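Q: This is a predicted model, with the sequence first.
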Amino acid sequence: MKQNIILIAIVAALFIRMFTSCQNFLEMPAQTSFNVDSVFSKYQNAERLLFDLYQFQGKALATAHNMKLNSSAIADITDEAICYVAQNGYTANRVYAGSVTSTWFTVNGGNGEDIYDNHWKTIRKALILQQNIDRVPDATKEVKERIKAECSTMIAFEYFEMFIRYGGVPIVRKPLNDASEYAILRSPVDSVYQYIIKLLDTSIANPDFPAKVPDEKEFGRLTKAFAYGLKAKTMLYAASPLFNSDRPYTDFSGNEKLVCFMTYDKNRWKLAADAAKEAITYCESNGYSIVNNADKTKNYKIACEDRPKFGNTECIFGTYQGTNIDKLYWTGRGTNMSGYSPTEPTQNQVEKYQNTDGTSVDWTNTITTPANDPTFPYKKLDPRFHQSIAYNGCLWITTAPTYNLQIYDGVDASVANGLNGPIVAKTQFAYFPRKFLNGYEVTSAPWTPLSIYMRLAELYLIEAEASNEADGPSERAFTRLDVIRTRTGMPTVSRTLDQAKLRKFIENERSVELFLENHRYFDVKRLKIGDVFKGPIYDVRIIKQKNNTYTYTKYKYHDRAWFNHWYLHPFPYSEVNKGYGLIQNPGW
Amino acid sequence: MVIHLLNFQNFKEMTKIKLIIIHISKILSLLAIILWCRTASAQNNKTTEPAPLSPKTQTAQKDSLQGSFSGLQPIAYGTVKKESVSSSISTIGGKEIGKNTVFSLGNALYGRIPGLTLSQNGGEPGNDAPGFSVRGVGTFGWAHAPLILVDGFERDLNSVSVFDVENISVLKDGAATALYGLKAANGVIAVTTKRGFVGKSKVSVDLSQGVQAPIRLPEFVNSSQFVRMYNQALVNDGLPERYTATDIAGYDSGDPLYYPNVNWMKETIRDFSPMTSVNVSSRGGNKVAQYYVSLGYLNSTGIYRNTEMNDGYSTNSNLNRINFRSNIDVNVVRDLTLRLNLGGQINDANSPRPATADIWNRIYDYPGHLFPVWVGENLYGGTSTYPENPVGYINGRGYRSNHNRFFQSDFDLKYDLGRYIKGLSAGVRVGFDNQYSVNDYWTKTFAAFSVTKDPATGNPVYSAPVGANTNLVYTSPTGDSQYRRSTVEAYTEYNHTFAEKHQLNILLMYNQSHYVVGKENPYNNQAINGRIQYSYDSRFYGELSASYSGSEAFDVGKRFGLFPAISGAWILSKENFLKDNSMINYLKLRGSAGMVGTGKVETRFAYRQLYVGSGTYYFGSSNAGISGLTESTISNPDLTFEKSYQYEIGMDARLFNTVDLTVSVFRQDRKDILTSQSTTVPAIFGGSLPSINKGKVRNQGIEASLLWDKKLKDFGFFTRFNISYIKDKVVSMEEEVVPKGSEYYYRTGQPVYYSYGLQAIGYFQSADDIAQSPVQQFGPVQPGDLKYADRNKDGVINNYDVGPICNGTIPTLEMGFELGFNYKGFDIQAMFQAQLDRYINLASYGNIFFPLRTNQKISAYVKDPWTVENKDYAQYPRLSTMDNSNNYRNSSFWYKNGDFLKLRSLEIGYTLASSLTKSIKLSEARIFLRGMNVLTLDHFKFTDPESISGYPAMKSYNIGLKVQF
């Protein structure tokens, strides 16, 4: 009996313990994360929100790092380059075949050209930060004002990126919270354009927004110089034929203003030229300058690939993304770098480079080199060519033991195939990219390149182009071009060019100067010369003969699909299907 | 079979023989142990008192009037007389379960319980557990799986050995599961393990040895067909042919080095592999203590070939499992009883180093015409495009071994308070489970070479190596994972009969569980449950139960829900008008209504708004990335659990004293299913929105089972048949808005897993045909490409033409059919299972069914691809070397009838006559021959209709011995 009582007591005690000790049994365990209030209670946290604004930018604007089109460059869907064809499922190949849809082009997943949602994510982040930054107790007014200007510039930047891809898009002026606010429809091209300019003007007027990052540690953040530059660039796009037109690129009855201004106004070119001039003046009076060192064979590489601390004085906005990200997605298949070759320069691009004496190489007939001189056709080309494209016979690894590329096949079994040629290396094409790889050719070398988005040279080209369109050929245009050309060792521009020829010349110059910097795709579209995308795309076949000469035969590799409705991107189907009234671009 | 075993062609095949010898010697040594045990136990048993009737044998003396409806029925937290059950529960006994040679307990359940649907997985040793659903699909939410209990505690079904199962019950309706409240919406599967009894100890030994083989493997075209088809594909793509007439002639005549025809499946997969199962158990006890103990060993070897080439290790898949269980009941002192259950498992699984799916993709993708397995002595063939020679990929990349251990323990201390208040008892139950799993990776790589013929000398010229031969390197342990779960329950029960006819049973309990997986936040649940059962005159039964249960997943104030259920039964056969009816021996009508829930959510703590760390961005020129802070998913403070309203009416009857029939009709209305807003909220919002509790699904069906059995003197016969027909329908979910005329696009109104796609209406036959047809916006088309119906008649074929096509892989109709005969010592039984209205989507297995896409092979499924010549009878779209985005998308062309009928088990046994067994001092001895998954009848006929790609589902043949003494 006694033991029973003890047992009952134990059982009873257990019951009581259970029902009383479990008050907090279902409480969520302590979290280390911040909530809305704690995040703005310290500048240290709020600053991390600012860093986060750049998350998508870093990837979306990548040049050296290719984070789009299945990690191949946008250049692949232009005449600049081609995607290694074995990668059948790649978006680039879908573009060639004409089978790309919004699912492939603008939907999340990172394999398209754009991720539509990410623009809005960044805009929301910037709006929230801008709205709440004043709540931060431990930051000066100057710091807060700078962040506000940076947010405005970032928002303008996102709208610009959407503007050139989609035309008119909805305008969201404050962070949305409620389902009743979601149904915002597309604004006309003109409103989006005005809104971008307005945001940039606000940033430019902000005295606390620095022209340059005050400290190298902040390199990669947006600055007032960029706001100026983006303003010029926005105006250039607004002045270009795609938008500056009284009719849309394809039938879009009733909604034309969503894809163009529906007026042609020559003055838009003048505005662009003046904005570019203003931007150049602002930049140059604030420490930016065109890289122009005595060694003209290195200037181009410095301007495109180096960070400011290594002498790049013309970088207005570039980012830096750490070491060795996706190097294999950039380098040549089968070479010492054993890459995937998703981006290979075309013969079309090679032919855009002139010789240093102003002449061009004639590729119409097979070129036979002197014995043991594989680089013969390329010898006199623009120094920018040598810094941009790797070709047969070029000195690839410059440090001992040096290495020259062998992109050829033997004429028959008695002549050994080149190690980097189609047969041995399984590389389809005769060229590899060199830009962004200069100095990183040795496989083991850690790759820490720059992703460049805007540099002073682009503003020079904008002013030249816009002034030519506004006022015809003039010294204003010629001198801007001369600076870009002479600093790399090219001759000045012939003053005899008429407006049309200069237009063509500038288009070519942009192709050369801004090669692989993600400009060509949008240039072709804004100039409304979409047929360029059709090709034909050429490559060159290089055969080593028994007498140690090489034959270079240009051949057509393929034609590509192009439809007029491709001038603007499709909105994701899933977005249109949300049923709030988003109008899809015509033809998609 | 034996002849096949001995028919080895080369020395490597000797390993098979070696393995078999090893297994036979294992069995012999075990027999020796058994004989020793037998002698020992025979001596022990001499002093045992005469055994009283065990509870089990008492149950066996069933009331013949009720057939299988008599005896005891496990229910939630208890056991009652079957007669009194008013909810819907199906139970299958350990004896039936024991008729399966399976290493995952789930695989013993195919077709055996109406309303329990299993989906078979691949048969990789240690990785072959099937998926479950109870009564079809009730939700499109995140959590579908039923709650699985082993001896009342939440545990993995496959943690129990088939030999240890006393019974398995599936609790189906709200009334049966109400006490599990917030965890019960998807049904409950409850396993009870064997226990001891008062009586003479019994020792059982079960041995089986067998071989297993893939049910079916996909086949691919040979080299000579391949090169022709490849050329055809290139021509279709407007590209020059790759293989010249000389090449084709070469492949036609064949040359092992230069024109190989490698069947990678044959080179990498054995015809069969061995499996062994040994289990020894003992049960018995006296009035003070009863026990059941068992120890089991299982070995299953994988089907990879040539895996013994490396010194000191094998890369083959292999599972070695040791499991034990010890269930003890002790009468500690008067009125106080203790149950202590211990169970554990040690699993050591081996497999080739690369991931299983990757291995199979290599086997599917690598064409057989490019290079032979070996280009020279110990030199793997390969090219830079195909560097991973499948034989090398399996054997030359090292191995990984997974070590998984778990230990389960629970005890139940129950105090009978009948001395103070008659019928009152109280107790505490506590369970502790632990699991730990870790992988060892041993990695190496191999070099592959391609070979060309030197035109001058005719000698082979080897290419530079692709890849390199490296040594085996150990990678530090990976995949460290562990969980621990502790459950505490306290209960009190009251049983009372008053005025003779009124019976009352009340249960009140508290329950909490704490479950920690690795470093995740713990999953906590808490509940107070109560149940009142009342019966009048053993004719009317009523039951009211409720659970007030809560989960950590929801915000304060929303954590708890009340889940009530009510049910009742009326036994008509006890009424005067049916009493002693010769036709209807037993008849019960029952009905129930209840509400249960599921508290599992995909994003935990979604009711809180947080700012979390985001990815890294590089500022400055240093190599240091800076990580930002970002708004996490917007909070949903209203987050709540899914609620399932379940209604059922049913009938149990025994007719003509031979046929037992059960019929149930049920409906389930699921509400508050979490549905994503990403399809409705514009991207301009810019944040990521939480799911909201707005989804609704209705599911209804009918199930029936029938048992007919007959026993004569020497001859016995039984057949068991069950069928379920279940249909579900999405009643409400957040969906995108499609243009007018395309309303068929919506999922609402269709079954949850219904298949959607374009309607294929044949092939484009000519350029004219293309010109006259609506434009298909998925890519350029040419003759031979699939032509789709313009469902909304808008003149273009695009995503808006996607609509419902057919059912998915969860069948509407499922049947199980069991047959058995015995004559004297011989018995034979067969178990069939069928699933109907079930469709397979070949587009989900593009690695097999999309010929030449991304450099892959052509499967033998591709018959008569479209060409100009055969356009009238083409069976497949034109071949292409491109990733044809017009053809390779979901359309009715790729949906194939997946109905099947499988003979899940077939067993022929012989039980030694008792006179004979007695003479060798055994109480039972039986030998049997058993086949699992031996026959599959289906329309698909290419691979197994359930497990299409990856490690194949297996069939097996076993010879076994069971002795008891």
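A: Nice, I can see it.
Q: what pairs with B:Val428 across the strands?
A: With DSSP bridges applied, B:Val428 shows beta-bridge pairing to B:Leu413, B:Ala490.
Q: That one and B:Thr192, how far apart?
A: According to Cβ to Cβ, to the nearest Å, B:Val428 stands 20 Å off from B:Thr192. Placement of C-beta: from N, CA and C, glycine included.
Q: Am I right that A:Val192 is in a helix?
A: Yes. Residue state for A:Val192 (DSSP: H, G, I helix; E, B strand; the rest coil) corresponds to a helix.
Q: Tell me, how many residues neighbour it?
A: If you count neighbours by other Cβ atoms under 10 Å in any protein chain shown, A:Val192 ends up with 25.
Q: B:Leu689 and B:Thr680 touch, don't they?
A: No. Counting by Cβ atoms under 8 Å, B:Thr680 is not a contact partner of B:Leu689; they are 9.1 Å apart.
Q: Mind checking which of these two has more residues around it?
A: B:Thr680 (18 against 15).
Q: Can you identify each of the helices in the stretch 101-250 of chain A by residue range?
A: Remark: helices assigned in the stretch 101-250 of chain A by DSSP state H, counting those that start in this stretch are A:102-105, A:116-132, A:141-166, A:189-205, A:224-239.
Q: ok, now how distant is the residue nearest the centre of chain B from B:Asn657?
A: Nearest to the centroid of the C-alpha atoms of chain B, with distances taken as Cα atoms, centre = their mean, sits B:Pro130, at 0.7 Å. Distance of B:Pro130 to B:Asn657, given as Cβ to Cβ: 37 Å.
Q: Could you give the number of residues near the residue of the stretch 101-250 of chain A at minimum distance from chain B?
A: At 2.8 Å from chain B, A:Arg124 is the closest residue in the stretch 101-250 of chain A, using Cβ to the nearest Cβ. Counted with other Cβ under 10 Å, the neighbours of A:Arg124 add up to 20.
Q: got a list of what the residue nearest to it when sequence neighbours are not counted touches?
A: Excluding its sequence neighbours, the residue lying closest to A:Arg124 (Cβ to Cβ, 6 or more residues apart in numbering or on different chains) is B:Gly686, at 2.8 Å. Residues in contact with B:Gly686 (Cβ atoms under 8 Å, 6 or more residues apart in numbering or on different chains) are A:Trp120, A:Lys121, A:Thr122, A:Ile123, A:Arg124, A:Lys125, A:Leu127, A:Val172, A:Pro175, A:Leu176.
Q: B:Leu217 reaches B:Thr268, doesn't it?
A: No. If you go by Cβ under 8 Å, B:Leu217 and B:Thr268 don't touch, sitting 10.4 Å apart.
Q: who has more neighbours, those two?
A: Per other Cβ under 10 Å, whichever of B:Leu217 and B:Thr268 has more neighbours is B:Thr268, with 26 against 16.
Q: isn't the more buried one right up against B:Ile394?
A: Yes. With contact defined as Cβ under 8 Å, B:Thr268 reaches B:Ile394; the gap is 5.7 Å.
Q: which residues do those two both contact?
A: B:Tyr304, B:Arg305, B:Asn306, B:Ile359.
Q: Tell me which of the helices of the stretch 101-250 of chain A sits most buried.
A: Ranked by mean neighbour count, the helices of the stretch 101-250 of chain A are led by helix A:224-239 with a mean of 26 (mean count of other Cβ atoms under 10 Å in any protein chain shown).
Q: Centre of the chain to stretch B:629-644, how far?
A: Centroid separation between stretch B:629-644 and its chain, computed with Cα atoms, centre = their mean, to the nearest Å, is 31 Å.
Q: Using CSV, write out every CA atom in it.
A: The C-alpha trace of stretch B:629-644 is given here as CSV (Å, rounded to 0.1, in the frame of the first residue of the first chain):
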residue,chain,number,x,y,z
LEU,B,629,20.1,42.5,-45.6
THR,B,630,16.8,41.9,-47.3
GLU,B,631,13.2,41.8,-46.6
SER,B,632,12.2,38.2,-46.3
THR,B,633,8.9,36.9,-47.6
ILE,B,634,6.2,39.3,-46.5
SER,B,635,4.6,38.0,-43.3
ASN,B,636,1.2,36.3,-43.2
PRO,B,637,-0.1,36.9,-39.7
ASP,B,638,-3.3,35.1,-40.5
LEU,B,639,-1.5,31.9,-41.3
THR,B,640,-3.4,28.9,-40.1
PHE,B,641,-3.7,25.1,-40.5
GLU,B,642,-5.5,23.2,-43.2
LYS,B,643,-8.9,21.9,-42.1
SER,B,644,-10.3,18.7,-43.4
